[in-house]
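Trainee: take this sequence and fold it.
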Amino acid sequence: MKRTLTLLFLLTTTTITFAQKGIDSIKWTQKILVQDQPVFSDPKPEAGVNHQRHAGTYGSEYCRLLRLKDGSWLAGYTISRNSGYRNDPKGGLELQFSKSTDDCKTWQAISTITDPGRDLDNAMMIQTPDGAVLLACRSVRWQESYMLPVYKSTDKGKSWEKLSIIDQTHGKPGELGKPDKGIYEPHFYLLGDGRLAVMYANEKHVVENPSYSQIISERVSADMGKTWGDEIFVAHTPGVSASRPGMPVWTKMKNGRYIAVFEVCGPEGCNIYNKTSDNGTDWPVGIGTRIPDQLGGPFILALKSGDLVVTSNSAQVSVSHDFGLTWKKINPAWDKTLWPSLYEVRKNQVGAVTSAHRPQGGNNIKIALGEVGY
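Mentor: Got it, this is the predicted structure:
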């Protein structure tokens with residue numbers, strides 16, 4: 001009897017140790033083109049926007065995916081196919097959507113959203129319990145007008161209609177610059193109580209006392225995106241006005257808690273930080289804890305196993321087996337990344353999406369598929 005109990009104890013201990021080991025590698029096996037926007041003649045850069053954009057070679061950037069309840073996937077990303085709103089009153093960046101029905105291996109464009117005279121970017125989608133798809137994005141006239149609109153699709157992304165505005169700020173041309181006073185990068189999540197919430201980067205508090213160059217804000221909707229509640233501060237640095245928390249991505253972990261990752265530019269040099277919350281709406285003051293090896297534009301994925309995976313513009317991939325307390329760098333999917341994102345495509349398979357540089361200039365959208373190793 002004693003020998004039997006000893007054997008059971010050893011077996012149980014071995015099983016627990018294996019479960020705690022978690023991911024130790026991802027074998028990246030396929031790299032797939034999602035979208036490649038054609039180059040067009042554009043001899044004149046669009047003045048007055050960030051980085052003096054060359055619209056003709058911009059291509060496509062900033063892709064986010066959504067797995068629908070029927071198992072298909074939607075990709076939403078930014079495209080440039082006109083000379084820009086400064087050079088064309090009806091111009092501006094647009095959002096395009098593609099669909100995959102074979103676990104992200106092939107893609108077909110199905111729709112485009114245009115807001116004439118404005119730049120659209122930062123697409124982020126979520127499917128509500130009734131099957132509708134909601135899209136949040138930024139709609140901008142630089143240094144003049146900033147909005148975070150919500151669009152709704154009832155046909156799985158084939159068509160879209162405006163639903164609401166999460167936040168907005170407007171002024172005369174140039175009035176909202178020096179310093180910038182914009183709002184950007186919304187990220188949806190469904191809370192445990194069924195409400196819809198969104199985080200975003202917010203520069204509007206720079207004109208207040210105390211002043212904050214940028215913070216991460218959150219708002220909650222009790223009616224699935226039709227209306228939005230009061231602003232919640234998620235990440236800011238009291239007494240340090242120059243810190244710039246931004247580009248938030250958040251998810252719920254297997255232990256029931258929520259975790260948010262974000263860059264903090266300014267004095268923190270765009271390093272990546274994370275912080276956690278019991279309910280997704282009450283967040284501790286401050287900017288949280290730095291994640292090593294990551295820099296700019298982060299994205300976090302909570303796997304069904306409980307492991308967390310993080311990537312960023314550093315092109316590194318890090319995993320945590322203890323709900324974000326510690327992180328380990330593993331093999332990356334890409335040599336370079338721009339606005340990357342991560343998804344669990346199927347059991348033991350991860351997809352890493354990036355805006356990949358192309359020889360003719362600008363970027364296209366690609367996804368790397370990798371098999372998870374334990």
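
Trainee: any idea which residue sits dead centre in this protein?
Mentor: Among the residues of the chain, the one closest to the centroid is residue 249, at 5.3 Å (Cα atoms, centre = their mean).

Trainee: ok so that residue is a helix residue?
Mentor: No. Assigned with DSSP: H, G, I helix; E, B strand; the rest coil, residue 249 falls outside any helix and is strand.

Trainee: residues in contact with residue 213?
Mentor: 179, 203, 206, 241, 242, 243, 244, 266 (Cβ atoms under 8 Å, 6 or more residues apart in numbering). For every residue, glycine as well, the C-beta is placed using N, CA and C.

Trainee: swap in 6 Å and give it another go.
Mentor: Applying Cβ atoms under 6 Å, 6 or more residues apart in numbering to residue 213 gives the contacts 206, 241, 242, 244.

Trainee: I'd guess the third one is in a strand, am I close?
Mentor: Put plainly, it is residue 242. No. With three-state DSSP as the criterion, residue 242 is located in coil rather than a strand.

Trainee: can you give me the separation between it and residue 213?
Mentor: Look at residue 242 and residue 213: by Cβ to Cβ, to the nearest Å, they are 5 Å apart.

Trainee: which pLDDT value goes with the residue nearest to the centre of the chain?
Mentor: pLDDT, residue 249: 98.

Trainee: that one and residue 299 touch, don't they?
Mentor: Yes. The pair residue 249 / residue 299 is scored as a contact, 5.0 Å apart, by Cβ atoms under 6 Å.

Trainee: quick check: next helix or strand after the helix or strand of the chain with the lowest mean pLDDT?
Mentor: Least confident helix or strand of the chain, by mean pLDDT, DSSP states H and E, is helix 2-21 with a mean of 40. Going down the chain from helix 2-21, the next helix or strand is strand 25-35, by DSSP states H and E.

Trainee: can you list the buried residues in that next one?
Mentor: By 16 or more other Cβ atoms under 10 Å, the buried positions in strand 25-35 come out as 26, 28, 32, 34, 35.

Trainee: widest-spaced pair of the residues you listed?
Mentor: Farthest apart among the buried residues of strand 25-35 by Cβ to Cβ are 26 and 35. That separation is 23.4 Å.

Trainee: and residue 227, how many residues sit next to it?
Mentor: Residue 227 has 12 neighbours, counted by other Cβ atoms under 10 Å.

Trainee: kindly apply the preceding question to residue 163 instead.
Mentor: There are 19 residues near residue 163, going by other Cβ under 10 Å.

Trainee: where does the protein dip in pLDDT?
Mentor: 1-21, 50-51 (pLDDT under 70).

Trainee: for burial, what's the neighbour tally of residue 128?
Mentor: Neighbours around residue 128, by other Cβ under 10 Å: 15.

Trainee: mind listing the helices for the chain?
Mentor: Here the chain has its helices, by DSSP state H, at 2-21, 55-58.

Trainee: how far away from the center of its chain is the last one?
Mentor: Put plainly, it is helix 55-58. Its chain's C-alpha centre and that of helix 55-58 lie 23 Å apart, by Cα atoms, centre = their mean, to the nearest Å.

Trainee: and for stretch 23-42?
Mentor: Here stretch 23-42 is found 17 Å from its chain centre; the criterion is Cα atoms, centre = their mean.

Trainee: give the contact list for residue 258.
Mentor: 252, 277, 280.

Trainee: isn't the last one right up against residue 193?
Mentor: No. Counting by Cβ under 6 Å, residue 280 does not reach residue 193; the two are 8.9 Å apart.
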